[in-house]
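>>> With the sequence up front, the predicted model follows.
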Amino acid sequence: NWDHTEFPLEVLKDSAAGTFAGVAWHCYSGTMEQAYQTLQHAYPNLETHMTECVALFDNGACDVSTGMRDFAVNHQWDMTHIF
């Protein structure tokens, strides 16, 4: 998740150079900009990919069942927060 940059940073720090080409993110919480900037600063040549995303809803929580019932909710969130 974007709000847990410590995990990829720890893995990358403890790995031999060149072991990983990039990091793949889930965007269930946190902000894309902060996560990408944190990794870009530490590893400027590292690829970053978003692999899974479900929007946050009225109560600020990720609710997969709401997203499955109403695709437009996810699409609206994606267009606002990702693109």
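Sure, I can see it. Numbering: from 1, shown residues only.
>>> Check what pLDDT Trp2 gets.
If you check Trp2, the pLDDT there is 83.
>>> check which helix or strand covers it.
Using DSSP states H and E, Trp2 maps to neither a helix nor a strand.
>>> Renumber starting at 219 from here on
Sounds good: first residue 219 from here, last item Trp220.
>>> quick one: contacts for it?
243-245, 247-250, 252-253 (CB atoms under 8 Å, 6 or more residues apart in numbering). (Glycine included, C-beta is placed from N, CA and C.)
>>> and stretch 235-254, C-alpha only, in PDB?
Taking Å, rounded to 0.1, in the frame of the first residue of the first chain, the C-alpha atoms of stretch 235-254 are listed here in PDB:
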ATOM      1  CA  ALA A 235      22.000  -4.200  -6.000                       C
ATOM      2  CA  GLY A 236      20.100  -5.100  -9.200                       C
ATOM      3  CA  THR A 237      18.000  -7.900  -7.500                       C
ATOM      4  CA  PHE A 238      14.800  -6.000  -8.100                       C
ATOM      5  CA  ALA A 239      13.800  -3.900 -11.100                       C
ATOM      6  CA  GLY A 240      10.900  -2.200  -9.400                       C
ATOM      7  CA  VAL A 241       8.100  -2.000  -6.900                       C
ATOM      8  CA  ALA A 242       4.500  -2.800  -7.400                       C
ATOM      9  CA  TRP A 243       1.900  -1.000  -5.300                       C
ATOM     10  CA  HIS A 244      -1.600  -1.600  -4.100                       C
ATOM     11  CA  CYS A 245      -3.500   1.600  -3.500                       C
ATOM     12  CA  TYR A 246      -5.800   0.800  -0.700                       C
ATOM     13  CA  SER A 247      -4.500   3.600   1.500                       C
ATOM     14  CA  GLY A 248      -2.000   6.400   1.500                       C
ATOM     15  CA  THR A 249      -1.200   8.700  -1.400                       C
ATOM     16  CA  MET A 250       0.500   7.800  -4.700                       C
ATOM     17  CA  GLU A 251       2.500  11.000  -4.800                       C
ATOM     18  CA  GLN A 252       4.100  10.500  -1.400                       C
ATOM     19  CA  ALA A 253       4.900   6.900  -2.000                       C
ATOM     20  CA  TYR A 254       6.400   7.400  -5.400                       C
END
